[in-house]
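Peer 1: predicted coordinates and the sequence they were generated for:
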Amino acid sequence: MQTNVSNRDGKTVIVLQGRFDFNSHREFREAVDQAVKEAAREVHVDLGGVDYLDSSALGMLLMLRDKAKGAGKEVALANVRGSVKQVIDIANFGKLFALV
């Protein structure tokens, strides 16, 4: 998986590309650490380029939410669609994260 952290419209955006699974934990954790250090109050995770997501990815999203909350930031999931949306819906993550 590839990660890119940038600032757009006053939000920190983590853009993910490829398979989001346990093998991605190191890259995702580095992106989370960078995003939490940014000044923006919102962190969006852009899942538009993710073609696969498993239960360990869901756990990593929860870890991001906890770290962001500790830093006074809100987290939203962006561009959730296809099979990724199915997993997010089955896990009821729409109740835990804003979907934008």
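Peer 2: Thanks, I have the structure now. Residues are numbered from 1 along each chain as shown.
Peer 1: please make it C-alpha for all contacts and neighbour counts, starting now.
Peer 2: OK.
Peer 1: thought F22 was touching G59?
Peer 2: No: the pair F22 / G59 is not scored as a contact, 9.5 Å apart, by CA atoms under 8 Å.
Peer 1: contact partners of whichever helix in the chain runs longest?
Peer 2: Looking across the chain with DSSP state H, the single longest helix is helix 55-70. Outside of helix 55-70, the residues within contact range by CA atoms under 8 Å, 6 or more residues apart in numbering are 20-22, 25, 28-29, 32, 36, 43, 74-75.
Peer 1: which of the residues in that helix are buried?
Peer 2: By neighbour count on 16 or more other CA atoms under 10 Å, the buried set for helix 55-70 is 57-58, 60-62, 64-65, 67-68.
Peer 1: same check, this time on stretch 2-19
Peer 2: For stretch 2-19, a neighbour-count test (16+ other CA under 10 Å) marks 3, 5, 11-19 as buried.
Peer 1: so which of the buried residues of helix 55-70 comes closest to V87?
Peer 2: L58 (8.9 Å; CA to CA).
Peer 1: so how far is F20 from that closest one?
Peer 2: From L58 across to F20, the span is 9 Å (CA to CA, to the nearest Å).
Peer 1: G49 too?
Peer 2: Per CA to CA, G49 is found 10 Å from F20.
Peer 1: those two: which has the busier surroundings?
Peer 2: F20 (25 against 18; other CA atoms under 10 Å).
Peer 1: skipping adjacent residues, who's closest to the more buried one in space?
Peer 2: In space, and not counting its chain neighbours, F20 is closest to L53: 4.8 Å by CA to CA, 6 or more residues apart in numbering.
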